[in-house]
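*Asks:* structure, please.
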Amino acid sequence: MSDFSWKTVAAALLLGGSSLAMAANDGQSRVNELLGADPQYRATWQEVVKQEERLPEWVLNLSGTAEQMTAVEEDGDKYLVGPLCETADTCRNKRLIVAFSYDKDDAYAMLVEVPAGLPADKSPTRHADYCFLGEPDEGMQKLLREQLKNDPNWY
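*Replies:* Purely as a prediction, here's the structure:
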């Protein structure tokens with residue numbers, strides 16, 4: 001093989017390795033890191049919340065306690081989806097499930113609020129109020145609800 005062929009093979013291996021690294025990185029983001037990580041996330045989120053009234057500061061700024069996001073597909077489109085809570089202690093009562101499209105052009109969220117002081121033996125699902133942000137269609141609403149159901153403490 002000539003030098004040119006080896007360089008081509010090496011380049012192909014490097015590109016393939018980069019793709020694998022990117023794929024392995026899916027879901028390594030956390031909701032509370034997005035707005036500081038990329039101005040496009042910030043711009044998209046500002047569009048989502050600009051028409052909303054009376055949202056808590058932690059929702060407006062996507063600040064608080066978050067777990068790793070996961071890559072999810074809905075209707076052929078890929079999204080990064082993850083939960084956010086104001087604090088770990090208040091997560092049972094107030095949480096936000098956020099979904100950003102891979103191209104960062106669209107964002108949706110579901111704010112879930114359960115009355116404070118709800119006894120532990122009462123199902124939070126039956127007492128929760130849900131507020132959708134970003135005008136999600138039925139498929140996206142279902143995706144956000146399914147993400148909430150993934151929490152073992154949600155029943």
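*Asks:* buried residues, stretch 135-154. List them.
*Replies:* Neighbour-count burial for stretch 135-154, counted by 16 or more other CB atoms under 10 Å, picks out 136, 140, 143-144, 147-148, 154. No exception for glycine: its C-beta is placed from N, CA and C like everyone else's.
*Asks:* tell me which of the residues you listed fall in helices.
*Replies:* Counted as lying in helices by DSSP state H, out of these, are 140, 143-144, 147-148.
*Asks:* quick one: these as TSV, columns for distance to D75 and pLDDT too.
*Replies:* Below are these laid out as TSV (distance: CB to CB, whole Å; pLDDT from 0 to 100):
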residue	distance to D75	pLDDT
M140	8	97
L143	9	96
L144	13	96
Q147	15	93
L148	19	89
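*Asks:* max pairwise distance over the residues you listed: which two?
*Replies:* Spatial extent of these (CB to CB) is set by the pair M140 and L148 at 13.0 Å.
*Asks:* where along this protein do the strands fall?
*Replies:* Ranges of strands within the chain are 65-66, 70-74, 77-85, 94-101, 107-113, 129-133, based on DSSP state E.
*Asks:* dump these into CSV; add mean neighbour count and mean pLDDT as well.
*Replies:* Converted to CSV, these look like this (neighbours: other CB atoms under 10 Å; pLDDT from 0 to 100):
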stretch, mean neighbour count, mean pLDDT
strand 65-66, 19, 94
strand 70-74, 15, 94
strand 77-85, 21, 95
strand 94-101, 23, 95
strand 107-113, 22, 95
strand 129-133, 14, 93
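*Asks:* do you know which of those lies nearest R30?
*Replies:* Among the strands of the chain, strand 65-66 comes nearest to R30, with 4.1 Å by CB to CB.
*Asks:* sounds good, over and out.
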